[in-house]
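Undergrad: pasting a predicted model and its sequence here:
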Amino acid sequence: RKEVEQDPGPFNVPEGATVAFNCTYSNSASQSFFWYRQDCRKEPKLLMSVYSSGNEDGRFTAQLNRASQYISLLIRDSKLSDSATYLCVVNLNNFNKFYFGSGTKLNVKP
Amino acid sequence: EPEVTQTPSHQVTQMGQEVILRCVPISNHLYFYWYRQILGQKVEFLVSFYNNEISEKSEIFDDQFSVERPDGSNFTLKIRSTKLEDSAMYFCASSEAVNRVSYEQYFGPGTRLTVT
């Protein structure tokens, strides 16, 4: 079983739409969770950490559900510039080792 | 804004040759990482480094790989005898532990390694 699983998409949405991605993780001992975005052939860029209480940064909201072992990312009012692959990253039990999901591709169309 | 830098941006080498990929992490960061991403595949953890030693490594990080922090700024990944399947983008990342719970990593632009 994969440590981190994501729907690969693509999610094709119009500008202004709200879109949500989920990511499931297999190990209940996972401690830290992150969303990164990756543009084609570029490095991953940190979007936000995911905290137990949920957190919001502008149009982006992240949630953690430990009982069901998933994290989510909600993007409101999608912009063309949001088009990218969104990577879910999980840190196991505070060891300095990280698991990346395969990413969910988002295409925002005019 | 401080950033992670990597050199070279592209390295072409012949099978069996040794390569050294170089990274300069963000200056006040304490944790350093190498990842690889084969074209079209996911980002894979290779190794993490803290306090001048490896703290974690993956199954991929076998005896042909080694890491070093030769001075106060550089962090290197050496591949001793490259194989065709080592062709990938190699990313360096660094982080500072935030209350030892969250490790927000910042990535360099990557080195594309092509083994022929």
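TA: Yep, it's here.
Undergrad: who are the packing partners of the lowest-mean-pLDDT helix or strand in chain B?
TA: Across the helices and strands of chain B, mean confidence by mean pLDDT, DSSP states H and E is lowest for strand B:53-57: a mean of 91. Strand B:53-57 sits against strand B:43-50, with contacts defined as 3 or more C-beta pairs under 8 Å, 6 or more residues apart in numbering or on different chains; DSSP states H and E. Just so you know, the C-beta spots here come from the backbone N, C-alpha and C atoms, and that holds for glycine as well.
Undergrad: centre of the chain to the strand it packs on, how far?
TA: The chain centre lies 7 Å from the centre of strand B:43-50; the measure is C-alpha atoms, centre = their mean, to the nearest Å.
Undergrad: run through the strands of chain A in chain order.
TA: Along chain A, the segments classed as strands by DSSP state E run A:4-6, A:11-14, A:19-25, A:30-38, A:45-50, A:55-57, A:60-65, A:70-75, A:84-92, A:98-100, A:104-109.
Undergrad: the last one close to chain B?
TA: Spelled out, it's strand A:104-109. No. On the criterion C-beta under 8 Å from any C-beta of the partner chain, strand A:104-109 is out of touch with chain B, staying 11.5 Å away.
Undergrad: remind me what that strand packs against, helices and strands.
TA: Counting by 3+ C-beta pairs under 8 Å, 6+ apart, strand A:104-109 packs on strand A:11-14, strand A:19-25, strand A:84-92.
Undergrad: and the second one, what's its mean pLDDT?
TA: Going back to what we said before, that points to strand A:19-25. Mean per-residue pLDDT for strand A:19-25: 95.
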